[in-house]
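Trainee: make a model of this:
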Amino acid sequence: MSPVIETALFIFGLIACGYLSGATGYLKIEVGDGLSAFAVRVALPCMLFSTLTKASFSGLPWGLWGVYFVAVIVAWTVGHLVMSRLFGRDAQASVVGGVCAAFSNLVLLGSPFTLGIYGQPGFELLSLLISIHLPIMLMASMVMFQLYGRHMGGPFEPLAFLRYFLIQLVRNPLVVAIAGGLLWRAGGLGLPGFVDRIVDGLAVAAGPVALFAMGLGLRKFGISGNVRPAVVLSFVKLMVMPAIALGVALLVGLPPLTTQVLVTAAGLPAGINSYLIAIQFGTGQGLASNQMTLTTAGAAVTTSFWLMVLHHVFA
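Mentor: Numbering: from 1, shown residues only. Below is the predicted model:
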C-alpha cells in the first residue's frame with residue numbers, strides 16, 4: 001500500500017475511532033468538547049508556535065495565498081448560488097451555504113493531515129496559510145453577516161465592527177500562537193531547553209487528540225434534514241474547490257510542494273466554523289451540521305483521490 005494512502009487511512013481511522021467511541025456509548029459525547037478545547041486552545045497553538053519559531057521559509061508565499069483564495073471565492077460563490085438559485089433559500093441561508101462550501105478545516109484536520117503527508121516543509125506552508133486564513137475568513141463571514149443579517153444586529157457601525165473583529169482575533173489562541181511564533185522567530189530568540197520540550201510534548205499530542213475529538217464531535221452533530229443541499233455543497237467543497245486550486249496553481253506555475261499543500265488544503269472537509277456562523281445567523285444550523293458530517297465522511301475517499309491525482313501530476 002502507498003505510504004500516502006496509508007497515512008490518509010491512519011488519519012481518518014483516528015476520526016472513526018472517535019466517532020465509534022461516542023456511537024457505542026464508550027465515551028460521553030461531552031468528552032469531545034473537552035478534547036477539542038484542549039486541542040484548539042493548547043496543543044495546536046503549541047504546534048503552530050513551535051513550527052513557526054523553527055521554520056526555514058523565507059519571504060511571504062503570495063502565490064500560495066493568492067491561488068488558495070481564488071478557490072475560496074469560487075467555491076463560496078457557487079455555494080451561495082446553489083442555495084439561492086437551485087434550492088430557493090433566503091439570503092442568510094445562502095451565506096451559510098457559501099461558508100460551508102469554502103471554509104476548510106485547516107486546523108483540526110489539516111494540521112495533522114499535512115504533517116503526516118508532506119512532513120515539516122509542508123506543514124510550514126500550511127501554517128503560513130492558516131495565519132491569514134483565520135482572519136480573512138472571519139472577516140468575510142462577519143461582513144456577510146452585516147450585509148445579510150443587519151436587522152439582527154442593528155445598524156452597521158464600522159468602528160464597532162472593527163473593534164469586535166480585533167477582539168475576536170486577539171482572543172483566538174491560534175492567531176496568538178501564530179503571531180507569537182513569527183515575532184519570536186523574527187527576534188532570533190531560542191526557547192530554553194525545558195520549555196522547548198514542554199512545547200514539543202504538547203505539540204506531539206495535537207494531531208491524534210484533534211482527530212479523535214473531531215470524530216467524537218461528529219457523533220453529536222449527526223445528519224437530520226436538508227440532506228440534498230448538504231450533498232451538493234459537499235460536492236462543491238470536496239471536488240470543485242480543489243479542482244479550481246489545482247488548475248490555477250498549474251496555470252501560474254507554483255512549485256510542486258506548494259501546489260500539493262494548497263490543493264490538499266482546498267479539498268479538506270468543512271469544520272465547525274460554518275456551524276457556528278449558522279448559529280449566529282439563526283438559520284441553516286441543520287444544513288451546516290449535515291454538510292460538516294458528510295464532507296468529513298466523504299473526505300476519506302476524496303482526499304485519497306486528490307492525493308493520487310497530485311502524485312500523477314508531479315510524479
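
Trainee: OK, contacts around Val209?
Mentor: Taking Cβ atoms under 8 Å, 6 or more residues apart in numbering, we find Val209 in contact with Leu35, Phe38, Ala39, Ala43. Heads up, the C-betas are built off the backbone N, CA and C, glycines and all.

Trainee: list the residues that contact Ala101.
Mentor: Taking Cβ under 8 Å, 6+ apart, we find Ala101 in contact with Ala75, Trp76, Val78, Gly79, His80, Val82, Leu233, Val236, Lys237, Val240, Met241, Ala270.

Trainee: also Pro45?
Mentor: With Cβ under 8 Å, 6+ apart, Pro45 has these contacts: Pro173, Leu174, Val176, Ala177.

Trainee: all helices for the stretch 51-200 of the chain, in order.
Mentor: Counting by DSSP state H, counting those that start in this stretch, the stretch 51-200 of the chain has helices at residues 62-81, 91-102, 110-148, 150-153, 158-171, 173-186, 193-221.

Trainee: which residue sits closest to Phe69 in space, ignoring its chain neighbours?
Mentor: Ile136 (7.1 Å; Cβ to Cβ, 6 or more residues apart in numbering).

Trainee: buried ones in the helix or strand that contains Gly286?
Mentor: Here Gly286, judged by DSSP states H and E, is contained in helix 285-313. Neighbour counts over helix 285-313 (16 or more other Cβ atoms under 10 Å) mark 285-300, 302-304, 306-307, 309-310 as buried.

Trainee: on that earlier part again, just the contacts of Ala101 now: which is nearest Leu147?
Mentor: Relative to Leu147, the closest of the contacts of Ala101 is His80; by Cβ to Cβ it sits at 11.7 Å.

Trainee: the closest one contacts Cys100, doesn't it?
Mentor: No. With contact defined as Cβ atoms under 8 Å, His80 does not count as touching Cys100 (10.0 Å).

Trainee: which residues touch the helix or strand encompassing Val232?
Mentor: Using DSSP H and E, Val232 sits in helix 227-235. Applying Cβ under 8 Å, 6+ apart, the contact partners of helix 227-235 are 79, 82-83, 86-87, 89, 97, 100-101, 223, 269, 287, 290-291, 294-295, 298.

Trainee: ok, the closest residue to Val175 other than its chain neighbours to Arg185 distance?
Mentor: In space, and not counting its chain neighbours, Val175 is closest to Leu169: 5.2 Å by Cβ to Cβ, 6+ apart. Note on Leu169: its distance to Arg185, by Cβ to Cβ, to the nearest Å, is 20 Å.

Trainee: mind showing which ranges of this structure have poor pLDDT?
Mentor: By pLDDT under 70, the low-scoring segments of the chain are 1-3, 57-59, 148-156, 222-225, 280-281.
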